[in-house]
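Undergrad: Dropping a prediction and its sequence here:
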Amino acid sequence: MSTTTAPQVFTTQDTIIAWANFAALLATSAVFTIYYVKSVKPAELEKSIGIEAYERCKWYRLVSGFFMSVAAIQYIVFWYYPLPGLPPNLVEFPWQYHVSVYIAVMLTVPFSYLMWVGMRDAGEETMTPKKDHELYSGGIYEHMRHPQAVGEFPLWFTFALLGHSPFLTLFSLLYLPIWYYFSVEEEKDLVLRYGRSYQEYCCRVGWFPNILMVGKNLMVGKDGNHYKRRDGRHMA
């Protein structure tokens with residue numbers, strides 16, 4: 001199928017491949033969401049299976065990463081087999097393909113760098129949670145609590161732009177609440193692991209760069225909810 005103009009005619013095979021790929025993309029997204037959330041809860045899992053929880057969460061994270069990679073491939077397949085019946089303005093952007101590439105590069109460079117810095121400063125905890133891992137005390141984590149999530153989420157728009165697909169660009173917005181959910185669930189478990197130290201850390205450092213003042217002055221309660229602090233020691 002042409003990748004330079006909106007397809008006008010779909011064969012039966014095209015239609016089957018397009019819908020099968022999109023259905024698989026939805027399923028893949030659900031799977032990597034489930035496994036990623038499981039991977040950020042070693043302290044909770046430890047209550048039921050002991051120290052083995054940390055090793056198991058490593059494998060959960062690897063499974064999640066594998067399915068995220070599959071989802072990226074499914075974006076590429078969608079480029080060749082968009083859903084039949086989409087209006088032309090959802091099949092391709094009105095501008096030339098090279099413009100989409102430029103925008104994708106502009107997104108990829110800063111956000112990939114942010115994600116890399118987060119992975120570097122997190123060390124092996126990025127993929128392998130450990131019981132004896134200490135709370136982050138420096139690097140990018142002194143400026144924002146979730147650099148990897150903030151850096152990774154926009155890359156879905158990169159894939160959509162490289163596919164020159166307005167539909168996938170809109171579809172990528174669905175990942176915003178998913179990545180937010182990842183961060184919330186991770187923080188619940190970090191409270192179990194580090195207790196008051198993590199709550200105080202949340203008072204100093206926001207979800208996003210401190211210059212934006214987003215999520216700063218919030219403390220995470222034992223129930224996992226975020227509360228506005230009254231001062232440096234007490235939660236509302």
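TA: Received it, and whenever you're ready, just let me know what you need. Numbering: from 1, shown residues only.

Undergrad: C-alpha from now on. contacts and neighbour counts both.
TA: OK.

Undergrad: Let me know the helix or strand that Arg120 is in.
TA: helix 97-122 (DSSP states H and E).

Undergrad: Check which helices and strands that helix sits against.
TA: Packing partners of helix 97-122 (3 or more C-alpha pairs under 8 Å, 6 or more residues apart in numbering; DSSP states H and E): helix 147-152, helix 155-162.

Undergrad: For the first one, give the mean pLDDT please.
TA: Across helix 147-152, the average pLDDT comes to 89.

Undergrad: what's it packed up against?
TA: Helices and strands touching helix 147-152, as assessed by 3+ C-alpha pairs under 8 Å, 6+ apart, comprise helix 97-122.

Undergrad: quick one, the helix it packs on and helix 155-162 angle?
TA: 160 degrees (axes from the mean of the first three to the mean of the last three C-alpha atoms, to 10 degrees).

Undergrad: Can you classify the closest residue to Ser39 other than its chain neighbours by secondary structure?
TA: In space, Ser39 comes closest to Cys57 once its chain neighbours are excluded; the distance is 4.3 Å by C-alpha to C-alpha, 6 or more residues apart in numbering. Following DSSP: H, G, I helix; E, B strand; the rest coil, Cys57 is assigned to helix.

Undergrad: for Pro84, same thing?
TA: coil.

Undergrad: surely it meets Thr12?
TA: No - shown here, Pro84 and Thr12 do not form a contact pair, counting by C-alpha atoms under 8 Å, at 10.4 Å.

Undergrad: host element of Arg145?
TA: Using DSSP H and E, no helix or strand contains Arg145.

Undergrad: looking at it, it is touching Gln199, isn't it?
TA: No - contact criterion C-alpha under 8 Å: Arg145 and Gln199 do not qualify, at 11.7 Å.

Undergrad: what about the two, which has more around it?
TA: Arg145 (25 against 22; other C-alpha atoms under 10 Å).

Undergrad: burial measure for Tyr80, as a count.
TA: Tyr80, neighbours per other C-alpha under 10 Å, totals 17.

Undergrad: where does it sit relative to Met119, distance-wise?
TA: 33 Å (C-alpha to C-alpha, to the nearest Å).

Undergrad: Which stretches in this structure count as strands?
TA: 218-220, 226-228 (DSSP state E).

Undergrad: on that earlier part again, please say which of Pro84 and Thr12 ends up with more neighbours.
TA: Pro84 (17 against 9).

Undergrad: For stretch 69-88, buried residues please.
TA: Within stretch 69-88, the residues scored as buried using 16 or more other C-alpha atoms under 10 Å are 70-72, 74-84.

Undergrad: Looking at those, which one is closest to Leu107?
TA: Of all those, Ala72 has the smallest distance to Leu107: 16.0 Å, by C-alpha to C-alpha.

Undergrad: Having no further points to raise, I will conclude here.
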